[in-house]
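Student: with the input below, show me the fold.
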Amino acid sequence: MILRPLLGISIAVLLTACGLWGDMNDLRPVILKDITITAYPEKTSYFLGEEHIDLTGLEISAMYSNGSGKLIENYSYTGFDSATLGSKTIIIDYQGFTAEFTVTVAMTLFDVNNIVPYLAAMPDKGGAADNPAYLSMQIELGNMTDGRSGWRQILNAINEAKRYIDLDLSACTMNGTTFDPDNTVVIGKAYIVSLVLPDEAKSLEALRHDSLFNRTFYHFNTLLSVSGANIETINEGIFNYHTSLVSVSFPATVTIGDFAFYNCTNLSGVDIPAAAAIGDFSFYGCESLVNVSFPAVTKIAPLAFWKCTNLASVNIPAAKLIDECAFRDTGDTSLTIKLGATAPAIGENIFWECPPEKTVTVQIPFGAAGYDEEWQDQFSNVGGLHNINLVIITQ
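Tutor: Here you go, the predicted model:
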């Protein structure tokens, strides 16, 4: 009689004692709870009449009730329409759950006279610099310092439209191969948020680096990014003191000149993979730089990264010379430097003015040569005053 309530205590207790309750929990149905965009598509700008959307790079993740998640592919989408200009909201649908992103439908203009009406037809985003309209041009820029040139006409039209823009000049032709935006001209430049240089351009007009006002991109006060597919050399002082600049991309550039990005305090994205040499003071004061990779660089000149106080990782596997004070006053932030199979020559005091508590981890490949005690002492010594903390890791 007494056993009856014991048997009725709880099936769960008995199952738990037998180790089966957890298994039964695992049998509960797993339910889709949400979807989210974990990576956006590489292409977000389209021209009028393009038939298909390109979702390359888009990643959609499904989140489930048991806390798991996975990438999905068999989703559907709506909202792409290239028949009209403007922003288009693309809605991703998967089993009734949705996520969305936007693309822009624009057009390449062949006549500067169409710029003002074109920009007027684009959706008004409140005139904010963080919501620029996309403007692609295909004209002859001519002699860019001439007041009648195609370049000056573009600037005049942009100023008249008073719209912030992402300006794509990649299809434009020009006199010669040097892009010279004429730093004496003010009008229109403050509305350009990003700039894609002509594919014909192989260099940028160089000016003296010793003046805040005498610089190539003077008056581009809201310019956040610049790219140029075929720029071979970034000459001395090109972007010095350009504090609004956030990112640059120059895939063909071989040489980064002295003072090239001097005091670009907001520069955080640098894509210059072919660079073989980095000049004196090139990235002085670039305090927003955190991770940089220069896989082809063989020479880093003196003071190249002076006052890059948040620098955390540097990839320079081809380096043959890191010259004196290259990483001077880079603060107490821990720094990882990836070097190659042969130890590079080291200049004096490459970490001058860095505190003794700074830790630098050097990653080298298996079988690397030349990283002996003498090299390590030269690398880590700070003016005979103290050594930084050096850690060598073989990978």
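Student: pretty sure residue 225 sits against residue 246.
Tutor: Yes: in this structure, residue 225 is within contact of residue 246 by Cβ atoms under 8 Å, at 6.1 Å. In short, each C-beta sits where N, CA and C put it, glycine included.
Student: find the residues that touch each one of those two.
Tutor: When Cβ atoms under 8 Å, 6 or more residues apart in numbering defines a contact, the residues bordering residue 225 and residue 246 alike are residue 269.
Student: phi, psi for the residue most central in space within the chain please.
Tutor: Nearest to the mean C-alpha position of the chain, counting by Cα atoms, centre = their mean, stands residue 269 at 3.6 Å. Here is the backbone geometry of residue 269 (degrees, to the nearest 10): phi -120, psi 120.
Student: what bits of the protein have low per-residue confidence?
Tutor: Residue ranges of the chain with pLDDT under 70: 1-27, 49, 123-127, 207-214, 384-385.
Student: okay, helices next: where are they in it?
Tutor: For the chain, the helices defined by DSSP state H occupy 3-7, 11-17, 21-26, 115-121, 150-161, 373-380.
Student: okay, the fifth one in PDB with CA atoms only?
Tutor: These are the backbone C-alpha positions of helix 150-161, laid out as PDB (Å, rounded to 0.1, in the frame of the first residue of the first chain):
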ATOM      1  CA  GLY A 150      35.000  68.000 -67.800                       C
ATOM      2  CA  TRP A 151      36.300  67.700 -64.300                       C
ATOM      3  CA  ARG A 152      35.400  71.300 -63.400                       C
ATOM      4  CA  GLN A 153      32.000  70.900 -65.000                       C
ATOM      5  CA  ILE A 154      31.300  67.900 -62.800                       C
ATOM      6  CA  LEU A 155      32.300  69.900 -59.700                       C
ATOM      7  CA  ASN A 156      30.100  72.800 -60.700                       C
ATOM      8  CA  ALA A 157      27.100  70.500 -61.300                       C
ATOM      9  CA  ILE A 158      27.600  68.700 -58.000                       C
ATOM     10  CA  ASN A 159      27.700  72.000 -56.200                       C
ATOM     11  CA  GLU A 160      24.500  73.100 -57.900                       C
ATOM     12  CA  ALA A 161      22.700  69.900 -57.000                       C
END
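Student: that one - contacts with which helices or strands?
Tutor: Contacts defined by 3 or more Cβ pairs under 8 Å, 6 or more residues apart in numbering; DSSP states H and E place helix 150-161 against helix 115-121, strand 165-168.
Student: list the buried residues in that helix.
Tutor: Buried residues in helix 150-161, defined by neighbour count with 16 or more other Cβ atoms under 10 Å: 150-159, 161.
Student: contacts only, for residue 141.
Tutor: 149-151, 154, 169, 172-175, 198.
Student: run the last query once more with 7 Å
Tutor: Counting by Cβ atoms under 7 Å, 6 or more residues apart in numbering, residue 141 makes contact with 149-151, 172-174, 198.
Student: which of these are buried? Put it as a ChimeraX command.
Tutor: This is how ChimeraX selects the buried members of the contacts of residue 141, with burial counted by 16+ other Cβ under 10 Å:
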select :149,150,151,172,174,198
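Student: so which of the contacts of residue 141 sit within strands?
Tutor: Nothing among the contacts of residue 141 maps onto strands, per DSSP state E.
Student: can you redo the contacts of residue 141 as TSV with distance to residue 105?
Tutor: Shown next, in TSV, are these (distance: Cβ to Cβ, whole Å):
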residue	distance to residue 105
149	29
150	25
151	26
172	21
173	25
174	27
198	23
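Student: and the closest residue to residue 90 other than its chain neighbours, how far is that from residue 97?
Tutor: Spatial nearest neighbour of residue 90, chain neighbours left out: residue 79 (4.6 Å); criterion: Cβ to Cβ, 6 or more residues apart in numbering. Here the criterion is Cβ to Cβ, to the nearest Å. By it, residue 79 lies 16 Å from residue 97.
Student: ok, residue 150 next?
Tutor: Distance from residue 150 to residue 97, counting by Cβ to Cβ: 49 Å.
Student: residue 269 touches residue 247, doesn't it?
Tutor: Yes: Residue 269 is within contact range of residue 247, at 3.4 Å (criterion: Cβ atoms under 7 Å).
Student: and residue 145, how far from residue 156?
Tutor: 15 Å.
Student: hey, where'd the strands end up in the stretch 51-200 of the chain?
Tutor: For the stretch 51-200 of the chain, strands defined by DSSP state E, counting those that start in this stretch occupy the ranges 59-64, 69-72, 76-78, 86-94, 97-106, 108-109, 133-137, 165-168, 178-179, 192-196.
Student: for residue 254, find the nearest of these.
Tutor: Across these, residue 254 has its closest neighbour in strand 178-179 (16.0 Å, Cβ to Cβ).
Student: direction included, what does that closest one pair against?
Tutor: Within its sheet, strand 178-179 is paired with strand 203-204 (parallel), according to DSSP bridges.
Student: looks like residue 393 contacts residue 361 (just checking).
Tutor: Yes: between residue 393 and residue 361 there is a contact at 6.0 Å, judged by Cβ under 7 Å.
Student: got the end-to-end distance for stretch 40-56?
Tutor: Length of stretch 40-56, first residue to last, Cα to Cα, to the nearest Å: 9 Å.
Student: show me which positions of it end up buried.
Tutor: Buried residues in stretch 40-56 (16+ other Cβ under 10 Å): 41, 44, 46, 53, 55.
Student: contact partners for the last one?
Tutor: Contact analysis of residue 55 by Cβ under 7 Å, 6+ apart lists residue 41.
Student: neighbours around the residue lying closest to residue 102 once chain neighbours are set aside, how many?
Tutor: Nearest residue to residue 102, sequence neighbours excluded (Cβ to Cβ, 6+ apart): residue 87, at 5.1 Å. Neighbours of residue 87 under the rule other Cβ atoms under 10 Å: 15.
Student: show the contacting residues for residue 250.
Tutor: Here residue 250 is in contact with 227-228, 231, 234, 272 (Cβ under 7 Å, 6+ apart).
Student: alright, I will stop here.
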